[in-house]
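# below are the sequence and a predicted model; questions follow.
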Number of protein chains: 2
Amino acid sequence: MFKIITKSSRSKARAGKLKTSHGTIDTPAFMPVGTQGTVKAATWQQVKDIGAQIILSNTYHLYLRPGIKVIKLAGGLHKFIGWDGPILTDSGGYQVFSLAKLRKITDEGVTFSSHIDGSSHLLTPEKVVEIQSIFGSDIMMPLDECVAYPSTRAEAEKAVIRTTKWAGRSIEIKNMKYKSKGELFGIVQGGMYKDLRKRSAEEIKALDFPGYGIGGLSVGEPKEMMLKMLEVSTDNLEYEKPKHLMGVGFPEDIKEAVKYGIDLFDCVIPTRLARHGAFLTEKGKEIIRNAKFEFDFTPLDKDCDCYACKNFTKAYIRHLFVAKEILPLTLMTIHNLRVMTGLMEEIREKIKNGLI
Amino acid sequence: MFKIITKSSRSKARAGKLKTSHGTIDTPAFMPVGTQGTVKAATWQQVKDIGAQIILSNTYHLYLRPGIKVIKLAGGLHKFIGWDGPILTDSGGYQVFSLAKLRKITDEGVTFSSHIDGSSHLLTPEKVVEIQSIFGSDIMMPLDECVAYPSTRAEAEKAVIRTTKWAGRSIEIKNMKYKSKGELFGIVQGGMYKDLRKRSAEEIKALDFPGYGIGGLSVGEPKEMMLKMLEVSTDNLEYEKPKHLMGVGFPEDIKEAVKYGIDLFDCVIPTRLARHGAFLTEKGKEIIRNAKFEFDFTPLDKDCDCYACKNFTKAYIRHLFVAKEILPLTLMTIHNLRVMTGLMEEIREKIKNGLI
């Protein structure tokens, strides 16, 4: 399923190919986020055109709305949303902890109230695997417990213990009932405690997942701390297996994280920034509404090959934003995603050329 | 510039070709409306893909925002907005009367306050031609006075007199200063008074415009009255010249209006309905949020060849609408515009086959 093509001699970085039944992904890869079954403001055609080979979607959101029944009757998530490429779905755990209300965590699972209509739900490790099997996700994630930052050692340890227990139940039901479905990755937690990261990695590794998600990072901690935790996590997992650094997607973080052998990234920030009028450039982000762009008849980025940059100027996109139009959300989304996929192409090239 | 290809033997209907310096339009044609320099929620690529050959944009809106200076420095409207096909711009008159505040109409022109920032502006017939010349519009419209419905005979007559006067000044400055620019059409008014319609048509005809806009219809009057006024207007204009029924675009109205020799239509309704969740079908409009579509895994219209219908189901688009996503606005806009361009293709075909 995962084949490493080039190994860096400088770091744990590698360029590879991750094969799924819906297509092969060149790694390291950035996965645009389609929370509710759509990459906000973009068509799948546009997502494909910028070179994205896999998308990430959210189990929590899709489970609540439109609900499992619709997706099942549609013939799975790919058919429902009309995207025929690979899909990774998260476990919903993170959203339960960040969006839902009145949650109660027991060893059985998580009880929470929907952020949409207040209805009560119980997600268990078994149910989360079942849901993603119904989706037909190419890569599934097991229910895990993610702690806030900062957290006490005791909180972080408790979450590690539970995450391992749940991981065991997840892989068990996966192997028993959903063998032929997509791959289930294991998730490493451990907060900002080196020994807990190590312990979590070792415990998850012992369960023999085909790949891993590194969770609970980039939640507000200093960058150095994140990289330290990432290092401990990946040092204690098999080099050969694919790894997803969940929710991390700032270009500067990605550039560092690939050196620890991370293959998959996802982040809502590039698309969210786009909708809020910020476009990514080599030098960081710029605000399109800025008055300095009123008469700027150059593209967002003169070297970018995306539809927005090939066809439109900053002055026009600025006008559309000021006029509260819908099109600039699409144009900026396309551009920011292209910056991300372009960055990944560059990283893969550098790895192949021994530069990372 | 305008060539009639097929004349109906049953009515004044005709199929033709309207040539502009940015391309040729098969008529009768529907023009998607790009009020602020964008067809809301759609890219130009999508607008082209559904077969639109010309768009309409609004002088009033573009004059206020982004303003003439930006468009001039961009090298004209086509370059500014990135649409390389033909553009018809209206005069802004209708918007001054419907959107702006504190307007004062004198023979000189219209003084009004911007609906955006309250700033005061004077539009004169000369200025309106100048603005559209700076735009580089392929078809321009002169400043006219449109009366509300219902209006008294005195009001309607006063508007006819002023519209003719302004038309004279418009064609004069066009011929004097902007000869090489796009074509300036004349506008027929006259409210719901047959004799005033006739008088307006005759007076505008005498000014020798290369084409006409029929204004002030579909403003709330009964359909029969509209068709009567349309008949009187077109009966008193040269059959050979192209005619635009301004702001009219309901399929049922279009089907009737082509029989009076109308060649161009525009209307914001198809795109506005789309953004409000209504999609057009053969039988009228349907509301996508309707619960009956929750498990409907068929396209909006099974016979439609648009991107939305070829790739997505009602259940999915409904989900996206319920989840307040941006993509369904785009998908529904594409579909509704395709219904309109498809209707026009059908009408042209019927005219060629002697069925209209």
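Done, it's in. Numbers count the residues shown, from 1 in each chain, chains lettered A, B, ... in the order given.
# spell out which parts of chain A neighbour chain B.
A:36-38, A:40-45, A:61, A:65-66, A:69-70, A:73-75, A:80-82, A:275, A:294-295, A:297, A:307, A:311-313, A:315-316, A:319-320, A:322-323, A:325-327, A:329-331 (Cβ under 8 Å from any Cβ of the partner chain). For every residue, glycine as well, the C-beta is placed using N, CA and C.
# mind redoing it with 7 Å?
A:36-38, A:40-41, A:43, A:65-66, A:70, A:73-74, A:80-82, A:294-295, A:297, A:311-312, A:315-316, A:319-320, A:322-323, A:325-327, A:329-330 (Cβ under 7 Å from any Cβ of the partner chain).
# how about the nearest residue to the residue of the stretch 51-200 of chain A found nearest chain B, chain neighbours excluded?
Proximity of the stretch 51-200 of chain A to chain B (Cβ to the nearest Cβ) peaks at A:Pro66, 4.2 Å away. Among residues not flanking A:Pro66 along the chain, B:His319 sits closest, at 4.2 Å (Cβ to Cβ, 6 or more residues apart in numbering or on different chains).
# how many neighbours does that neighbour have?
Counted with other Cβ atoms under 10 Å in any protein chain shown, the neighbours of B:His319 add up to 28.
# do you know how far it is from B:His115?
35 Å (Cβ to Cβ, to the nearest Å).
# now stretch A:250-269, how far from the chain's geometric center?
Put simply, stretch A:250-269 sits 10 Å off its chain's centre (Cα atoms, centre = their mean, to the nearest Å).
# list of residues touching the helix or strand bottoming out on mean pLDDT in chain A?
In chain A, no helix or strand scores lower on mean pLDDT, DSSP states H and E than strand A:101-105, which sits at a mean of 83. Under the criterion Cβ atoms under 7 Å, 6 or more residues apart in numbering or on different chains, residues A:96, A:110-113, A:115, A:145 lie in contact with strand A:101-105.
# which is the next helix or strand following that strand?
Per DSSP states H and E, strand A:101-105 leads on to strand A:110-113 as the next helix or strand towards the C-terminus.
# run through chain A and note the low-pLDDT ranges.
Within chain A, no stretch has pLDDT under 70.
# please redo it, this time with the cut-off set to 80
Residue ranges of chain A with pLDDT under 80: A:100-102.
# how does chain A divide up, domain by domain?
Per automatic domain parsing, the structural domains of chain A span A:2-267, A:269-356.
# quick one: secondary structure of A:Ile25?
strand (DSSP: H, G, I helix; E, B strand; the rest coil).
# ok, it - contacts?
A:Ile25 neighbours (Cβ under 7 Å, 6+ apart): A:18, A:53-54, A:86.
# which residues touch the helix or strand harbouring A:Val129?
Using DSSP H and E, A:Val129 sits in helix A:125-135. Residues from elsewhere that reach helix A:125-135, judged by Cβ under 7 Å, 6+ apart: A:59, A:63, A:68, A:71-72, A:76-77, A:89, A:91-92, A:109, A:140, A:142-143, A:166, A:169-170, A:173-174, A:178, A:181, A:184.
# just the buried ones among those, please.
A:59, A:63, A:71, A:76-77, A:89, A:91-92, A:109, A:140, A:142-143, A:166, A:169-170, A:173-174, A:178, A:181, A:184 (16 or more other Cβ atoms under 10 Å in any protein chain shown).
# from the contact counts, what lies against whatever helix or strand A:His61 lives in?
Following DSSP H and E, one finds A:His61 within helix A:59-64. If you count contacts as 3 or more Cβ pairs under 7 Å, 6 or more residues apart in numbering or on different chains; DSSP states H and E, helix A:59-64 packs onto helix A:93-98, helix A:125-135.
# quick check: what element follows the last one along the chain?
Helices and strands here follow DSSP H and E; after helix A:125-135, the next one along the chain is strand A:139-140.
# what does that next one rub up against?
A:88-89, A:129, A:132, A:182-185.
# inside strands: which ones of these?
A:88-89, A:183-184 (DSSP state E).
# which of the residues you listed sits closest to A:Glu157?
A:Glu157 has its nearest neighbour among those in A:Leu184, at 24.2 Å by Cβ to Cβ.
# what sits against that closest one?
A:129, A:140, A:142, A:170-171, A:174, A:209.
# any idea how far it is from A:Gly92?
14 Å.
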